[in-house]
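# just to be clear, the model below is a prediction. Sequence and coordinates:
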Amino acid sequence: MNRSITAITVTHNSAHTVRGALARLPPGVEIVCVDNASTDDLSTALSGLAVHRIDNPVNLGFGRACNIGAAAATGDYLLFINPDVRLGTDAVDALMQAAERYPNCGVFVPRTNTVDGRLWFREESEIDRLSGVSLPTRIRQVWGDCCVRFVNGGVFMIKRTLFLDTGGFDEDIFLYFEDDDLSYRLLQRDEPMILVSGAHAVHDIGTSVAQSTRSRIFRYRSKMRSEIHLRKKYGIAYSPFVDILRYSTKIGFYCLTLNRNRLINSLGRLIGIFDSILDRSRANRNRGYVA
């Protein structure tokens, strides 16, 4: 049975790396690139590639941009791929062959390594961690196809109908843990997810984003906001005031020890907590106004 595939990538100032991801895709794969208001030269990076480009006027976040790409896709399968992922030779073919071998499965993940050769794989999602579920977080090697509990959003393939039926990515998550949320919902539906050992990929993690202090604060702010959202969504207990005390203490300690990296991370998380408190306060006021 001939089945088509659409590759979807989301860019935000990723012109320096996205071409390397898309140029490795085999002929016949439809490519949709959704750009979140980049200021770099994406046009040059995509020059000569058959790409359906969608330009968002502002940065709408990763999940929402992916959903926009999925809505524009025509393939039977969606291959979500980050700009800093490099698929191995015949990886797409291996994924499609797996779809033929496992007709009752709609989600397929390539065996992904970091640039230094480490297997990039985990069974524990952020929701498991927040809920206190104890699961292995890493394995060292994959010797064959196997079922998994977590789909890494960096690169995976899913039936388009299944992705749409599940509601796609949660658009209330701006950045980080979109894949944790999607994986959890797939598990709740008893949808099998298969890691395909014959499909190889390399993820050069973090190279598609800026490394400035401002950018890092923004990323950790986003992580904290996403974590709080997941707690609220799945009824996981949370006290923002405990976290305010925790990260304020950490910031003081890292200032004293001159640990700049951890200081930046904790500052971003603290800002994310206050953002979430303000968001909730505004939402409560709006509900009171409507009432």
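Here it is on my side, so go on.

# burial measure for residue 174, as a count.
19 (other Cβ atoms under 10 Å). Heads up, the C-betas are built off the backbone N, CA and C, glycines and all.

# chain center to the host helix or strand of residue 96, what's the gap?
Assigned by DSSP states H and E, residue 96 belongs to helix 91-101. Distance, stretch centre to chain centre, for helix 91-101: 22 Å (Cα atoms, centre = their mean, to the nearest Å).

# that helix packs against which elements?
strand 77-81, strand 107-114, strand 193-203 (3 or more Cβ pairs under 8 Å, 6 or more residues apart in numbering; DSSP states H and E).

# can I get it in CSV? Just the C-alpha atoms.
C-alpha atoms of helix 91-101 as CSV (Å, rounded to 0.1, in the frame of the first residue of the first chain):
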residue,chain,number,x,y,z
ALA,A,91,15.5,6.4,8.0
VAL,A,92,12.2,7.5,6.4
ASP,A,93,11.9,4.3,4.5
ALA,A,94,12.6,2.3,7.7
LEU,A,95,9.8,4.2,9.5
MET,A,96,7.3,3.6,6.6
GLN,A,97,8.3,-0.1,6.5
ALA,A,98,7.6,-0.3,10.2
ALA,A,99,4.2,1.2,9.6
GLU,A,100,3.5,-1.7,7.2
ARG,A,101,4.8,-4.3,9.8
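
# list the buried residues in that helix.
With burial defined by 16 or more other Cβ atoms under 10 Å, the residues of helix 91-101 counted as buried are 91, 92, 94, 95, 96, 98, 99.

# could you measure from the closest residue to residue 30 other than its chain neighbours over to residue 28?
Spatial nearest neighbour of residue 30, excluding adjacent residues (Cβ to Cβ, 6 or more residues apart in numbering): residue 6 at 4.3 Å. According to Cβ to Cβ, to the nearest Å, residue 6 and residue 28 sit 11 Å apart.
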